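# structure, please.
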Amino acid sequence: MLQYLIKTIEHSLGTAILIALLLMIAYRDGAALSRRAAPIAAAAGAGVAAILSWVIHTTVWINREFLNIGILSAAIAAGLVFIPLSFGVFRKKAPRARKAALDASLSLLSAALLVYCLPTVILYPSEFLLAGESVFSTDFLFKTIGYLAGLLIVFLAALALFRTRNGIPDRLLRMLLTVCLAINIVDQFSAIVQFLLARRIIPMSKGVFEFVKLTVNYDNWFLYLILLITLPLPFLLWALNARPRGTWENPARLRKLKSTARRIRRYSALILVCYVLSVISLTVVKAYDEREVTLSPAEPMNIVAARIFIPTDRIDDGHLHRFAYISTEGIEVRFIVIKKNESAWGVGLDACDICGATGYYERDDEVICKLCDVVMNKSTIGFKGGCNPVPLAYEITGGNMIVQIQDLENEQKRFK
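Okay, here's the model as predicted:
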């Protein structure tokens, strides 16, 4: 649940804020074409992103790396054209050409930002289910709730920001958008450089390496900077709309001014709430979600000849029990045992084919994969599939569970 709340906010909030600011500029520019072009471009970008998501999920036709390089290059070019034009460059010398270029760059930038961001977000639900799991499981429900909560926070933040467009001074709005776009361009340029270095298209140098290392290590700081730059807006809007401003000829006009001011204050409060929830999700909640889980210690067992004997009366309580065997190569091979019902046991390695030997732990009477936080269906432990523990053969004889040492020796490579 928390994982997808964090991932959704982390990947889409910055783009949502930029789209909101771009639409605010379009609706305040006074040019009818801009008002039509920007929303149409954003809708087209969202549509293309949805189609790309389906193609990426169902085929191997698209190379995401090359696709993203093209999208990011278009976004950077559009941003570099849009920024000076938004401040009035060529307003007097070539007004028609400026207007056309402004509309084109604004439209391309809006579409490119969404085409780059949305496929990843749209495809998150495809990760919710592992093989053998049901959409009616608690784990699937929690992941869906976290995902939808993240989308709701991002959507409300962008909507509230856009709805306050008439309360922000024009010059301030353009300055905020310029700074946020510059921050985003640096982030986009870093992604392009990483790709070119990985493909060895450009040579590695100390300066390039330091730049990439800095942007990778502090990737979330680009989002934090955008949040920090736009954070004063709610407070400023609240102050500017604390009381009606201007003149009014009659009580009806005064009531309208009060209603407008009240509406802007409410949207300002919503912006602040969404920002606070986002920051808490990306810091406190993320730290909690990524906390290190300590596996329970291995329990004692009896080794006789080439077999391991575990008394069943020590493992029949329905809880997870962990055991460890040191192989002939000195490798610790762990396995787990849990009684699933009166007649069935779940026995498997403390590792799976997907996440490796990270292990499993028990939380609130549920068995959880330590790496991906997936909740195991106890009834499927001991069977292949998904994130289930790798099955381990056993037999019950004379009140003991017996595991062959050779079976553990054969699996020691998983724990290297």
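# for the rest of this, base every contact and every neighbour count on C-alpha atoms.
Fine.
# how many residues are close by Ala344?
Ala344: 11 surrounding residues under other C-alpha atoms under 10 Å.
# which residues does it contact?
With contacts defined as C-alpha atoms under 8 Å, 6 or more residues apart in numbering, Ala344 has no neighbours.
# how close does it sit to Asn377?
Applying C-alpha to C-alpha, to the nearest Å, the value for Ala344 to Asn377 is 14 Å.
# then Thr59?
Using C-alpha to C-alpha, we find Thr59 at a distance of 30 Å from Asn377.
# go on, Phe335?
17 Å.
# more neighbours: those two, which one.
Neighbours per residue, other C-alpha under 10 Å: of Phe335 and Asn377, the larger number sits with Phe335, 23 against 19.
# I'd assumed the more buried one was in a strand, is it?
Yes - checked against DSSP: H, G, I helix; E, B strand; the rest coil, Phe335 lies within a strand.
# who's in contact with the helix or strand hosting Leu214?
Using DSSP states H and E, Leu214 maps to helix 206-217. For helix 206-217, contacts defined as C-alpha under 8 Å, 6+ apart pick out 187, 190, 193-194.
# element containing the residue most central in space within the chain?
Nearest to the geometric centre of the chain sits Lys7, at 1.7 Å (C-alpha atoms, centre = their mean). Using DSSP H and E, Lys7 sits in helix 2-28.
# that helix - contacts with which helices or strands?
For helix 2-28, the elements it packs on are helix 32-58, helix 95-123, helix 138-163, helix 170-198, helix 220-230, helix 286-289, judged by 3 or more C-alpha pairs under 8 Å, 6 or more residues apart in numbering; DSSP states H and E.
# buried residues in the helix or strand that the last one is followed by, which are they?
Next along the chain after helix 286-289, taking DSSP H and E as the criterion, comes strand 302-304. For strand 302-304, a neighbour-count test (16 or more other C-alpha atoms under 10 Å) marks nothing as buried.
# strand partners (parallel or antiparallel) of strand 302-304?
Strand pairing for strand 302-304, using DSSP bridges, gives strand 307-311 (antiparallel).
# what lies in contact with the helix or strand immediately after the partner strand in the chain?
Toward the C-terminus, strand 307-311 is succeeded by strand 321-326 as the next helix or strand (DSSP H and E). Residues from elsewhere that reach strand 321-326, judged by C-alpha under 8 Å, 6+ apart: 296-301, 315, 332-338, 350, 408.
# again with stretch 368-378
133, 139, 293, 340, 346, 355, 358-362, 366-367, 387-388.
# please redo it, this time with the cut-off set to 6 Å
359-361, 367 (C-alpha atoms under 6 Å, 6 or more residues apart in numbering).
# tell me the mean pLDDT for it?
Stretch 368-378 shows an average pLDDT of 81 in the prediction.
# also stretch 57-77?
Across stretch 57-77, the per-residue pLDDT values average to 90.
# what comes into contact with that stretch?
In contact with stretch 57-77 (C-alpha under 6 Å, 6+ apart) are residues 109, 112, 185, 192.
# pull up the gap between the third one and His11, please.
The reference is to Ile185. The value you get for Ile185 to His11, if C-alpha to C-alpha is used, is 15 Å.
# out of these two, which sits in the busier spot?
Between Ile185 and His11, Ile185 has the larger neighbour count (other C-alpha under 10 Å), namely 20 against 16.
# OK, contacts around that one?
Going by C-alpha under 6 Å, 6+ apart, Ile185 touches Ile76.
# then Asn388?
Ile381.
# equivalent analysis for Ala46, please.
By C-alpha under 6 Å, 6+ apart, the neighbours of Ala46 are Leu114.
# for Glu362, helix, strand, or coil?
Of the three states, Glu362 takes strand under three-state DSSP.
# hmm, back to that, show me how far the helix holding Lys7 is from its chain's centre.
The chain centroid and the centroid of helix 2-28 are separated by 12 Å under C-alpha atoms, centre = their mean, to the nearest Å.
# domains of this structure?
2-289, 302-415 (automatic domain parsing).
# measure Ser281 to Val154 for me?
Relative to Val154, and taking C-alpha to C-alpha, Ser281 is found at 12 Å.
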